[in-house]
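Trainee: just a sequence and a predicted model for now, questions to come.
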Number of protein chains: 6
Amino acid sequence: MAARTALVVSAHSADFVWRCGGAIALHAQKGVAVTVVCLSYGERGESAKLWKQDGMTLEKVKAGRRLEAENAAKALGVHDIQFFDCGDYPLELDREQRFRLVDVIRKVQPDFMLSHSLEDPYNTDHPYATRVALECRMVAQAWGHNPGEKVLGAPQLYLFEPHQTEQCNWKPDTILDITDVWDRKKAAIECMEGQQHLWDYYTNVAQNRANQFRRNSGGQAGGREAKYAEAFQSIFPRTVDEL
Amino acid sequence: MAARTALVVSAHSADFVWRCGGAIALHAQKGVAVTVVCLSYGERGESAKLWKQDGMTLEKVKAGRRLEAENAAKALGVHDIQFFDCGDYPLELDREQRFRLVDVIRKVQPDFMLSHSLEDPYNTDHPYATRVALECRMVAQAWGHNPGEKVLGAPQLYLFEPHQTEQCNWKPDTILDITDVWDRKKAAIECMEGQQHLWDYYTNVAQNRANQFRRNSGGQAGGREAKYAEAFQSIFPRTVDEL
Amino acid sequence: MAARTALVVSAHSADFVWRCGGAIALHAQKGVAVTVVCLSYGERGESAKLWKQDGMTLEKVKAGRRLEAENAAKALGVHDIQFFDCGDYPLELDREQRFRLVDVIRKVQPDFMLSHSLEDPYNTDHPYATRVALECRMVAQAWGHNPGEKVLGAPQLYLFEPHQTEQCNWKPDTILDITDVWDRKKAAIECMEGQQHLWDYYTNVAQNRANQFRRNSGGQAGGREAKYAEAFQSIFPRTVDEL
Amino acid sequence: MAARTALVVSAHSADFVWRCGGAIALHAQKGVAVTVVCLSYGERGESAKLWKQDGMTLEKVKAGRRLEAENAAKALGVHDIQFFDCGDYPLELDREQRFRLVDVIRKVQPDFMLSHSLEDPYNTDHPYATRVALECRMVAQAWGHNPGEKVLGAPQLYLFEPHQTEQCNWKPDTILDITDVWDRKKAAIECMEGQQHLWDYYTNVAQNRANQFRRNSGGQAGGREAKYAEAFQSIFPRTVDEL
Amino acid sequence: MAARTALVVSAHSADFVWRCGGAIALHAQKGVAVTVVCLSYGERGESAKLWKQDGMTLEKVKAGRRLEAENAAKALGVHDIQFFDCGDYPLELDREQRFRLVDVIRKVQPDFMLSHSLEDPYNTDHPYATRVALECRMVAQAWGHNPGEKVLGAPQLYLFEPHQTEQCNWKPDTILDITDVWDRKKAAIECMEGQQHLWDYYTNVAQNRANQFRRNSGGQAGGREAKYAEAFQSIFPRTVDEL
Amino acid sequence: MAARTALVVSAHSADFVWRCGGAIALHAQKGVAVTVVCLSYGERGESAKLWKQDGMTLEKVKAGRRLEAENAAKALGVHDIQFFDCGDYPLELDREQRFRLVDVIRKVQPDFMLSHSLEDPYNTDHPYATRVALECRMVAQAWGHNPGEKVLGAPQLYLFEPHQTEQCNWKPDTILDITDVWDRKKAAIECMEGQQHLWDYYTNVAQNRANQFRRNSGGQAGGREAKYAEAFQSIFPRTVDEL
């Protein structure tokens, strides 16, 4: 059996860390080759701390953000990280850029994909990235797109956790125990020096999702003692051989 | 490891056949002990064909429905079928009857449960049964209910497919391949002599859910060739070790 | 062909006037025999003006409310109005009272039914009445309920307009032109002396629903010049021979 | 009175067959002139079988798909079929192409329109086509668009059935009996040689929607014996003279 | 403390009058500087009356609409009204036009913003304007957009009332008493000579929202005697010091 | 002006601490007299730790839970705490018990009320309590209920935060800064010795809601430096004099 693979489509270069760093590290540890595509660096909209420094330029911000993301990817055991540099706030991909993502999808042939919530009134780049992911997944399945290439099957698309879940109408159906790799996610989070105000936030999120993991795996009558967890919403139904 | 168990809460005595007969047969075949609780016989509301016969009485209808259900249960490999005889149209359980269901839940200690959709404007007994199932699941988890008994963990509650899915706001997230046990489900369906108008309906449903299984497991690029399937909606998030 | 019939299930004795008086008058004029069941008089919760009078008693309030409702029914051309006197705030029907409603449904054999919205945070009696209407419609369809009686077919249940539509998650799909019978609805409204604060409100509603009728029937390119209208939400799909 | 007309906006050249072929044939038989606009041939994304043949080219696929669609249209009695050839996977219309659709809408002056569901995570072309249909309907109503032309009234937009209804949050409110024209729809379906895996699927759908037609038109107490049906969701409220 | 400011993003040049004229006048009276941006004149789609005149041209329509809007703005006490002239039916803003809106937002630094509902099947320009408003609000918050400029805080975005609220899935959470400034809103409405068919409609709306204001502020037990009101839906949670 | 008052309807005796202890302490500090009604002690379902002790009885559990709740109430500055002792898992109130709650509501005349989310698949007691609160609020408004008593106005009903917000379809619209009283909430939490597994959980919740408070009050461009917060969903629209 071929090695398993996964693909993360991240609107900005730090999103994959906060929202699914544990899933990445956990699967990497299991031998899954995880590719991360950062559609932008988040250079305009998510780099306030850098912009407050004197003499900052767009190129310096991008370089700084890229370095942080590469370091975080290394900490998580990411197989490959690609920067599409499409610009942010707003993020927009032309057809060529979207077909570049199709190329990546086909090359990776992911067993599952990860991206943002379907809605986010605070950040229109996030649901835009998800719409792009869904469209490119569809194009990658098309036998008439670059005929002769291996077409894509039907990988699940997991939506990772947005900042304010309820405002984004995001509802998780899957909770993943990331206790074993928490130290790696923590290390990756700490690569994001520009956004220290979020470190504690996502640590709290991980602890509380673990509490929910315990409750949903049996509670006081046998629940698993998870310490850190991440939650996801699935877009497509699962196809299974047993319940 | 203890044998796996499952529990079906069926509003009327035929519901478990149409809606999850395949899941029952498949898990029975895998060694899962499946208990079915029929809260009523559907004697008033789902036995039109019997009532059109001369000299029919409520007791005769119930006996006939019970026999059909027992035969179907046998065909599916059900471990235990219990008839609560709470009456139908409308179905109503007093506290004692609900605690009887709690007793069954605790005795079975199901790894997962199955019941109806959360809404059904055509049939108010169906969502009522689901509300009862949720309430009794909660009571079975309570350390103060019959203290000393083994309390329940946190089994998933799967909602099986209602007759008109969209009108019931039912949205499946899990599709189960039942091809291997279709002959058993078919045999069980054919025990339901009073409702022949539904035989073809649920055969069509099983074939079309299999088409969706194929599509969601890879489509023309590697989807599994399922011939019959059943679909379910989960109430609770899954707790997993990998995506 | 038998005469057409309709049945309104009204939680309190004035609801049928504000919310579907036009529909009643219009169909009465077309020869449809409309039966109205008032589950309560609204004697406790919707009779503030009466209770502000000296020496008022529950019986006097009920008598006054009944008279108003009877007068309004006459103005609208109601075929039969029945008062179940189940009490209000909160409205609750025991099984016997619900089976009384089943009896009425079976006797009337309505071509369509009318009741309240499915939700109403201001007034829990309203959605309760609708749940009762749905349950009793189901029981009236059961061949095993009073076997030998003519069972009910599948009449549409239209939900009439609640006071604050958006708060009740009520969404109309049908707008009825009541221009021809507005004078009758107005006369019926003016029978409700205890609730004058609502007269203008429902006149405004009727005018604005007519504006929407115009727009949805063609707008400035041929829309019908309705002056007064009522709007309804359907519970069940329509079965049609053409679109 | 002028002859009635209808307009179908189909994302790919086969959609109109599976999803509303019965409605087309039925109305054609009643004298309604039905125009079909195929925004693309589905040449890239819905022609897997053709692409698996040796030496296939985009032009050959398009020609083949066009021929199939024309044959199906003939079988259904379509008045006029137009191919916009906008490309698929992804489907995108520039302003000129959208105004071409406005021109068709104005020329046809449809009494009702048909298009796809509002959502479809499997196929982003489908909801895109619906958004285009809604936008172009609006532009066709604008007195300032090509002043002097006859502006559009307010035709209903019916959403036809997507492949996996629940995943698309599509909820039908109208079921159409197509028994009389089933042979035509079957003939049209069989023109779609490239997608034989869907023939049985949509036959099953038609039979099951007919079962629902029977139930919603009266069930065992007088329901119509429809054998095949199609279901639709309406976007706009109906304006009626009676319920 | 700096003077308070507000910003209205109006798809067409009359929308701000019908939908939030009262809010504008009320806040203007309180010293809030309200800026209105009209993204288009509504020259193609909302000027039927003008287009029915002989010899009408696009430029004349735009000039007429502009004059009406300026007069209405004056009547309401608008601080600044800007016309972006982006065209309507359909409304589309390129990146440059959107950044022009960002510039306005940054310059105004609004304490709150107002725009259209998130959905509107009748008028795709309206939700488009809201999406633009949300995107531009986000860009205005980005430290990397025109670095050195004062970035935006987190103003509430209120969605004002669409024509057919339920069809737009718009649900108000805030009702504003505009009784004191009703004469100003009425004067502004009467500037809209081209759309007299809406004058009564929005007067009725204002009266009925006032009835709801009375009910939600205490009803017959102390509700405020508002005579005219406007309703709004908030996008973001409020941050408060007391409930 | 009369002193302000508030009323909390808590299904079990600890709910008010986790979910709105900050709101209670904050308003108590402002001079608002807060009454808490505990419908049950949570003696059966939420006292696992006690039941694991030898020789435990229902009465001992209730006494222990009552003491904890009284201590917590003291720590928060609750004005009055009442225990209805209706039993839990399941919680059920007969009419007399509900009218007892109506009596409390009328006596308190709350400016606002607090209760649970509208849905909770884990705990059916919680939404049951909210339905009771809504029904009793309505009865308290009825002029015909105990005529002569002062009827209730229209207090807001805030829904406090459930354990797993997204699974309960709970969406907050109001975030309250409780930084100033966090020490009191912490003290109250620490009275709940039987549920230590929740202490950290709700501390994390409070910190993360504070992060959201900062973001929604201005973020990096002026947001308030809240350290602890609580979030609430409103049932009714607010009636305001300015936006």
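Mentor: Here it is on my side, so go on.
Trainee: what residue in chain A comes nearest to chain C?
Mentor: A:N169 (15.3 Å; Cβ to the nearest Cβ). The way it works is simple: take the backbone N, C-alpha and C, and place the C-beta from them, glycine included.
Trainee: off-centre distance for stretch A:18-29?
Mentor: Taking Cα atoms, centre = their mean, to the nearest Å, the mean C-alpha location of stretch A:18-29 is offset from the chain mean by 9 Å.
Trainee: give me the contact status of it with chain B.
Mentor: Yes: Stretch A:18-29 is in contact with chain B by Cβ under 8 Å from any Cβ of the partner chain, via A:23, A:26-27.
Trainee: just the buried positions in that stretch, please.
Mentor: For stretch A:18-29, the buried set under the neighbour-count rule, 16 or more other Cβ atoms under 10 Å in any protein chain shown, comprises A:18-28.
Trainee: also stretch A:96-109?
Mentor: Applying 16+ other Cβ under 10 Å to stretch A:96-109 flags A:98-102, A:104-106, A:108-109 as buried.
Trainee: which one of those sits closest to D:A133?
Mentor: A:R98 (23.3 Å; Cβ to Cβ).
Trainee: show me what contacts A:Q233?
Mentor: The contact partners of A:Q233, taken as Cβ atoms under 8 Å, 6 or more residues apart in numbering or on different chains, are A:117, A:158-159, A:170-174.
Trainee: if you could redo that for A:C86, that was the one I meant.
Mentor: A:C86 neighbours (Cβ under 8 Å, 6+ apart): A:39-40, A:92-93, A:97.
Trainee: let me know the closest of the contacts of A:Q233 to A:A188.
Mentor: A:Y158 (18.3 Å).
Trainee: what's the closest non-adjacent residue to that closest one?
Mentor: Distances taken as Cβ to Cβ, 6 or more residues apart in numbering or on different chains put A:F232 closest to A:Y158, at 4.1 Å, once the chain neighbours are dropped.
Trainee: neighbouring strands for the helix or strand containing the one you found, and are they parallel or not?
Mentor: Assigned by DSSP states H and E, A:F232 belongs to strand A:229-234. Taking DSSP bridges as the criterion, strand A:229-234 sits next to strand A:156-159 (antiparallel), strand A:174-177 (antiparallel) in its sheet.
Trainee: average pLDDT across it?
Mentor: Averaged over strand A:229-234, pLDDT sits at 98.
Trainee: residues in contact with the closest residue to A:T35 other than its chain neighbours?
Mentor: In space, and not counting its chain neighbours, A:T35 is closest to A:D80: 4.5 Å by Cβ to Cβ, 6+ apart. Neighbour list for A:D80: A:33-36 [criterion: Cβ under 8 Å, 6+ apart].
Trainee: strands - which of those residues land there?
Mentor: A:33-36 (DSSP state E).
Trainee: kindly reformat these as a markdown table containing neighbour count.
Mentor: Putting those into a markdown table (neighbours: other Cβ atoms under 10 Å in any protein chain shown) gives the following:
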| residue | neighbour count |
| --- | --- |
| A:A33 | 18 |
| A:V34 | 27 |
| A:T35 | 22 |
| A:V36 | 26 |
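Trainee: show me where chain A has its strands.
Mentor: A:5-10, A:33-38, A:80-83, A:112-115, A:156-159, A:174-177, A:229-234, A:238-240.
Trainee: what does the shortest one contact?
Mentor: It stands for strand A:238-240. A:156, B:173-177, B:213, B:216-217, B:224, B:226.
Trainee: give me the buried entries from these.
Mentor: Buried among these (16+ other Cβ under 10 Å): A:156, B:173-177, B:213, B:216-217, B:226.
Trainee: out of those residues, who's nearest F:E68?
Mentor: B:D173 (39.3 Å).
Trainee: report the contact partners of the nearest residue to A:Q167 once chain neighbours are set aside.
Mentor: The spatial neighbour of A:Q167 that comes closest, neighbours along the chain excluded (Cβ to Cβ, 6+ apart), is A:P121 at 6.1 Å. By Cβ under 8 Å, 6+ apart, the contact set of A:P121 is A:167-168, E:134, E:157, E:235-236.
Trainee: A:D180 too?
Mentor: Taking Cβ under 8 Å, 6+ apart as the test, what A:D180 contacts is A:26, A:29.
Trainee: and A:Q141, by the same measure?
Mentor: So A:Q141 contacts A:151-154, B:219, B:221, D:45 (Cβ under 8 Å, 6+ apart).
Trainee: which one of these is nearest chain E?
Mentor: Among the contacts of A:Q141, and counting by Cβ to the nearest Cβ, the member closest to chain E is D:G45, at 25.1 Å.
Trainee: test my guess that the closest one contacts A:E135.
Mentor: No: when contacts are counted by Cβ atoms under 8 Å, D:G45 is not listed as touching A:E135 (11.0 Å).
Trainee: let me see the confidence value for the residue positioned nearest the centre of chain A.
Mentor: Residue closest to the average C-alpha location in chain A (Cα atoms, centre = their mean): A:F16, at 3.7 Å. For A:F16, the model assigns a pLDDT of 98.
Trainee: so what's it up against?
Mentor: A:8, A:10, A:24, A:36, A:38, A:69, A:72-73, A:114.
Trainee: again with A:R98
Mentor: Per Cβ under 8 Å, 6+ apart, neighbours of A:R98: A:132, A:135-136, A:139, D:90.
Trainee: any low-confidence regions in chain A?
Mentor: A:1-2 (pLDDT under 70).
Trainee: in it, which residue sits closest to chain E?
Mentor: For chain A, Cβ to the nearest Cβ, closest residue to chain E: A:R44, 3.3 Å.
Trainee: wait, that residue touches E:A142, no?
Mentor: Yes: using Cβ under 8 Å, A:R44 is in contact with E:A142, at 4.7 Å.
Trainee: so how far is B:K150 from the residue located most distally from the centre of chain A?
Mentor: The centre of chain A is farthest from one residue, A:A221, which by Cα atoms, centre = their mean lies 33.1 Å away. According to Cβ to Cβ, to the nearest Å, A:A221 stands 8 Å off from B:K150.
Trainee: what segments of chain A are helices?
Mentor: A:15-29, A:48-51, A:58-76, A:95-108, A:125-140, A:182-189, A:199-216 (DSSP state H).
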